[in-house]
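Undergrad: Predicted model and sequence follow; I will ask about them next.
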Amino acid sequence: MLLCGFEILPKAVSVRGAGDRFILSEPVCVYLLDTENGWVLLDAGLNPDNGRNRLRMEERFWRFGMAAPVIRDVHLLERQLSEIGVTTGDIGCVVLSHLQYDHCGCLKQFRHAQVCVQRREHAHAFSPEPGTAYFPDEYNVAGLQWRLLDGDWELMPGVRFIQTRGHTIGHQSAIVELPRSGTVILPFDVGDLQENFYREVLPGESCDDAAALESIRRINVLTAQLGAMLLLFHDPIAIQTVRLSPNCYC
């Protein structure tokens, strides 16, 4: 797990009905897999300019009354990869949970790689008005080698993806089998916080509430059936106890 920065958000963005009183510093991560077929990256983090370029911060966040992400040098993707002897050029495949800005910010560095995403998500992101959380200049990039998928699919034995529509129209989550750590489920934005799952409470934003709740319940069922470890993407408490790079799950 590589920690790529933090978003400063009202809790209501993550938990339906939480109100605007509580403000959370929510982590943004990517997951790097060392496979027999080479390095695979799950999600592509934050564009550093979103938290370091004042003009872009004004254009994309401040003018909407939003806080810009916090991205320090220690959060930069290339720096973290270099600490474990990997470059962006070594990564031959990138799989995206969806195409909102906190999940695809570094795609420009992966024109050489295959980029996998659900077909419905790709179509929505490239539509005329995908929504304020989509930054087309970060994914509408010449030379990207898109692979568009429909529904549940397997990248390779031990690495599969399930459609988890709800947060966005084409959201997908990952199930990874590790030799010693066992099964790991990566729900991405199905639920940002632990309480989304144990209370089965919707995220603040969804394209389809019924589908969003079904996806939360699907993740809960799979976690129990598979005896899996659930690694949350945005939870500010959980991030403090996981194995962050250069440590790893094996």
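TA: Thanks, I have it.
Undergrad: quick one: buried residues of the top helix by length along the chain?
TA: Longest helix in the chain by number of residues (criterion: DSSP state H): helix 209-226. Neighbour-count burial for helix 209-226, counted by 16 or more other CB atoms under 10 Å, picks out 211, 212, 213, 215, 216, 218, 219, 220, 222, 223. In this view, the C-beta of every residue, glycine as well, is placed from N, C-alpha and C.
Undergrad: Out of the residues you listed, which is nearest to residue 87?
TA: Residue 87 lies nearest to residue 219 out of the buried residues of helix 209-226, by CB to CB, at 32.8 Å.
Undergrad: Can you give me the neighbour number for residue 250?
TA: 9 (other CB atoms under 10 Å).
Undergrad: On the pLDDT front, check the closest residue in space to it that isn't next to it in sequence for me.
TA: Distance criterion CB to CB, 6 or more residues apart in numbering; nearest residue to residue 250, sequence neighbours excluded, is residue 180 at 4.8 Å. Predicted confidence (pLDDT) for residue 180: 95.
Undergrad: Residue 78 too?
TA: 97.
Undergrad: Going by neighbour count, which residues in the host helix or strand of it are buried?
TA: Secondary structure from DSSP states H and E places residue 78 in helix 77-83. For helix 77-83, the buried set under the neighbour-count rule, 16+ other CB under 10 Å, comprises 77, 80, 81.
Undergrad: what about the closest residue in space to residue 81 that isn't next to it in sequence, neighbour count?
TA: In this structure, residue 81 finds its nearest non-sequential neighbour in residue 87, 6.2 Å apart by CB to CB, 6+ apart. When neighbours are defined as other CB under 10 Å, residue 87 has 11 of them.
Undergrad: Residue 207 versus residue 87, what's the distance?
TA: 36 Å (CB to CB, to the nearest Å).
Undergrad: picking up where we left off before, on the C-terminal side of the helix holding residue 78, identify the next helix or strand.
TA: Beyond helix 77-83 toward the C-terminal end (DSSP H and E), the next one is strand 91-95.
Undergrad: Mind listing the strands that following strand pairs with, and their directions?
TA: Paired neighbours of strand 91-95 in the sheet (DSSP bridges): strand 38-42 (parallel), strand 114-118 (parallel).
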